[in-house]
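Undergrad: When you get a sec, could you give me coordinates for this:
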Amino acid sequence: MIEKLRLGTRGSALALAQSRQMAARIKNENPGLEVEEIIIRTRGDEILDAALHEVGGKGLFVTEIEEQLLDGRIDLAVHSLKDLPGDLPAGLKLGAVPEREEPWDVLVSRGGESIRGLPPGSRVGTSSLRRQAQLKRYRNDLDVVDLRGNVDTRLRKVSEGEVAGAILAAAGLNRLGHGERVTERLAPELMLPAVGQGALGLEVREGDSGTMAALAGLDHEPTRQAVAAERSVMAYLEGGCQVPLAAFAEFRGDVLHLRGIVASLDGQRVIQAEQECAPEEGIVAGEMLARQLLELGGGKILQEIRNV
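TA: Model (predicted):
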């Protein structure tokens, strides 16, 4: 049994909250094990004055962390799975996927209005192309603007009236203790979540049996199966924060139900598809759904966006 784990994390309040929650669980599962926290600054943390899709590329919030994992400076990285590219670098794997938090997007509005109740022309902030496109599809009379910064910064911009409302992930607000700020939970029919939203991924080196053994009690198989299906869609479509892509899988009885969309930037064209499969067939179902999206018109939309 190993005596110490070096856990790498970003330094944002949300990243630290998530990492410390996982560290506490690891220590609870492995009495006597020391977990050292190592804060790593990523390129995504450095760029705060531009929209994510303008500076993106894959791995904006994870590349520097993965480099330290590969060269042995850390043993474990805790990521928001929605930040993790579909294909992991050679030599790395997901050692555990804990049970998923609430996966939905939510509205935080200054005056307590719902999405439907916001007056025409209201400024609503989000840095996500996926959220922007789906919001424009539902309410094309709103002024949808980029909104960067950490969770507390975005909440402050709502409180100060810079925007009438902001779209955020429910999981992040819950983990930071801000769940009371939620005005409205957005149904997936209105706002399908990002791939892996609400789930964490604990990334390790392949072959590191000691770290894998320490994480064994944290893995939640239904969550792992669901996010594997979602990530299969993203990997096949080579998606990320630079395209309006969403995929969400959930269990309906013993069947895994998978939904996905590809949208144009203005939200006026939205291609949708669904698949159902046995839990162990999620990756194949994800690839089938991705092909459906391409054939139904998603391929043309993605090509247009990538040529901009």
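Undergrad: C-alpha from now on. contacts and neighbour counts both.
TA: OK.
Undergrad: need the strands for the stretch 151-300 of the chain, in chain order.
TA: 165-169, 184-185, 200-205, 245-252, 255-263, 270-277 (DSSP state E, counting those that start in this stretch).
Undergrad: Relative to residue 9, which of those strands is closest?
TA: Residue 9 lies closest to strand 200-205 among the strands of the stretch 151-300 of the chain, at 10.5 Å (Cα to Cα).
Undergrad: distance between the closest one and the chain's centre?
TA: Chain-centre distance of strand 200-205: 14 Å, with Cα atoms, centre = their mean, to the nearest Å.
Undergrad: could you say what helices and strands it packs with?
TA: helix 63-70, strand 76-80, strand 92-96 (3 or more Cα pairs under 8 Å, 6 or more residues apart in numbering; DSSP states H and E).
Undergrad: what's the last one in contact with?
TA: What it means is strand 92-96. Strand 92-96 is contacted from outside by 70, 201-206, 212, 215-216, 218-220, 224, using Cα atoms under 8 Å, 6 or more residues apart in numbering.
Undergrad: Which residue ranges make up each domain of the chain?
TA: 4-98+199-219, 105-185, 236-306 (automatic domain parsing).
Undergrad: mind checking the end-to-end distance for the longest one?
TA: If I follow you right, that is domain 4-98+199-219. 20 Å (Cα to Cα, to the nearest Å).
Undergrad: Could you give the average pLDDT over it?
TA: For domain 4-98+199-219, the mean per-residue pLDDT is 90.
Undergrad: The shortest one too?
TA: The predicted model assigns domain 236-306 a mean pLDDT of 95.
Undergrad: would you list every one of the strands in the stretch 1-150 of the chain?
TA: Under DSSP E, counting those that start in this stretch, the stretch 1-150 of the chain gives strands at 4-9, 34-39, 76-80, 92-96, 105-109, 123-125, 143-145.
Undergrad: roughly how far is the last one from the heart of the chain?
TA: Pointing back at strand 143-145 there. 21 Å.
Undergrad: Show me what it packs onto, helices and strands only.
TA: Counting contacts by 3+ Cα pairs under 8 Å, 6+ apart, strand 143-145 is packed against strand 123-125, helix 129-138.
Undergrad: and that strand, which strands flank it?
TA: Strand 143-145 pairs in its sheet with strand 123-125 (parallel), by DSSP bridges.
Undergrad: Run the chain-centre distance for the partner strand.
TA: Distance, centroid of strand 123-125 to centroid of chain: 20 Å (Cα atoms, centre = their mean).
Undergrad: Would you tell me which of the helices and strands packed on strand 200-205 gets closest to residue 122?
TA: Of all the helices and strands packed on strand 200-205, it is strand 76-80 that lies closest to residue 122, at 29.9 Å by Cα to Cα.
Undergrad: Could you give the number of residues near the nearest residue to residue 176 once chain neighbours are set aside?
TA: Excluding the flanking residues, the one nearest residue 176 by Cα to Cα, 6 or more residues apart in numbering is residue 14, at 6.4 Å. Residue 14 has 20 neighbours, counted by other Cα atoms under 10 Å.
Undergrad: Among the domains of the chain, which comes closest to residue 192?
TA: That would be domain 236-306 among the domains of the chain, by Cα to Cα, at 6.0 Å.
Undergrad: first to last residue in that closest one, what's the distance?
TA: Start-to-end, domain 236-306 (Cα to Cα) is 15 Å.
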